[in-house]
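A.B. asks: The following block contains a protein sequence and its predicted model.
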Amino acid sequence: MFRRGVESFQHGLGRYFVVSVRIKHWRHTSDAGDGSWASMVVRLEPGVDLIHRDLLERLRYADHAVYEFVAESSTETLDVPLRRLSEAANYSRLWLTIASVMYAFGGSEARRAIPSGVVAIAATSFLVNVVIKSKFGRARPDRNPDLVPDKRKVPMPESTSFPSGHSASAFAFATAVGHQLPTVALPLRVLAAAVAYSRVHSGVHYPADAIGGSIIGIAMGHIAARISRFRSLDMTSSDSPKPADDLACQA
């Protein structure tokens with residue numbers, strides 16, 4: 001086996017080398033033959049695993065396929081309600097309105113839970129819109145007018161696509177408030193899921209954007225609820241009356 005030549009090429013972040021070799025075909029005769037040339041690819045530098053890259057490509061293809069499936073589905077009875085729901089959630093107006101009503105008429109438990117929901121919205125909005133969107137920079141869907149009906153359309157935001165801020169804020173509020181008020185947890189999460197889906201239905205987000213935003217919102221909602229719970233425990237312990245013997249010792 002003799003080396004004929006080496007040619008290199010770049011693929012992704014890895015460098016590969018094509019090595020040509022001569023292979024002798026030994027026979028049981030005196031003439032061994034000239035042999036034949038063959039090529040093999042040898043990877044000499046580490047880089048992105050092609051299997052992982054292929055998986056990401058498959059996921060992106062599935063994401064686009066689901067987006068097109070939703071866009072092409074005929075749902076005339078849902079188009080206008082979902083569009084209005086999506087618009088109502090702009091700037092978290094939907095959740096702030098719900099928070100105001102619950103704070104005014106929900107009793108003492110609601111008044112304790114609502115602040116954590118509002119804080120969760122604020123923290124999640126900052127994380128998604130200021131930090132994460134700038135890191136990923138995913139382009140918005142090309143909302144083909146032949147796919148997405150006009151009745152569904154909301155104005156296309158100028159920000160990047162991943163993750164969905166509407167989905168993140170929706171689940172942040174629903175998770176934070178529902179953690180402390182179990183009776184409203186399910187209705188709030190169903191409404192949050194409807195808001196997340198409405199962003200795909202209206203054509204301004206891919207499904208992965210809504211899913212990613214929902215996961216971030218759930219995580220931030222749990223954090224806000226835990227912080228609120230710890231603060232409530234601290235306030236309860238500080239306001240609790242001291243034992244009589246302690247008061248006697250201080251007299």
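C.D. replies: Noted; the coordinates are in hand.
A.B. asks: Show me what the host helix or strand of D54 packs onto, helices and strands only.
C.D. replies: According to DSSP states H and E, D54 maps onto helix 50-72. Using 3 or more CB pairs under 8 Å, 6 or more residues apart in numbering; DSSP states H and E, the elements in contact with helix 50-72 are helix 182-201, helix 207-239. All C-beta spots, glycine's among them, are computed from the backbone N, C-alpha and C.
A.B. asks: Tabulate the ones you listed (CSV), appending distance to F171 and mean pLDDT.
C.D. replies: As requested, the helices and strands packed on helix 50-72 are exported to CSV (distance: least, CB to CB, whole Å; pLDDT from 0 to 100):
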stretch, distance to F171, mean pLDDT
helix 182-201, 5, 97
helix 207-239, 3, 84
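A.B. asks: Make CSV from those and add distance to K153 and mean neighbour count to it.
C.D. replies: Formatted as CSV, the helices and strands packed on helix 50-72 follow (distance: least, CB to CB, whole Å; neighbours: other CB atoms under 10 Å):
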stretch, distance to K153, mean neighbour count
helix 182-201, 10, 19
helix 207-239, 17, 18
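A.B. asks: Pull the number of nearby residues for P145.
C.D. replies: When neighbours are counted by other CB atoms under 10 Å, P145 registers 9.
A.B. asks: Now do the same for it: helix, strand or coil?
C.D. replies: Per DSSP: H, G, I helix; E, B strand; the rest coil, the local secondary structure of P145 is coil.
A.B. asks: Could you do the one 3 residues further on as well?
C.D. replies: In the three-state summary, V148 is assigned as coil, counting by three-state DSSP.
A.B. asks: and the residue nearest to it when sequence neighbours are not counted, what is it in contact with?
C.D. replies: Ranked by CB to CB, 6 or more residues apart in numbering and with sequence neighbours excluded, the top spatial neighbour of V148 is G203, at 3.9 Å. Counting by CB atoms under 8 Å, 6 or more residues apart in numbering, G203 makes contact with A71, P141, R143, L147, V148, R152, K153.
A.B. asks: any idea how far G203 is from A99?
C.D. replies: Look at G203 and A99: by CB to CB, to the nearest Å, they are 29 Å apart.
A.B. asks: try V131
C.D. replies: 24 Å.
A.B. asks: of the two, who's got more company?
C.D. replies: A99 (21 against 9).
A.B. asks: Quickly note the distance from that one to R199.
C.D. replies: According to CB to CB, A99 stands 21 Å off from R199.
A.B. asks: quick one on the thing from earlier: right, and the secondary structure at the residue nearest to V148 would be what?
C.D. replies: With three-state DSSP as the basis, G203 sits in coil.
A.B. asks: Same question for E158.
C.D. replies: Strictly by three-state DSSP, E158 counts as coil.
A.B. asks: Got the phi and psi for it?
C.D. replies: Torsion angles at E158 (phi, psi; degrees, to the nearest 10) stand at phi -90, psi -10.
A.B. asks: So what's the residue count around it?
C.D. replies: Using other CB under 10 Å, the number of residues around E158 comes to 6.
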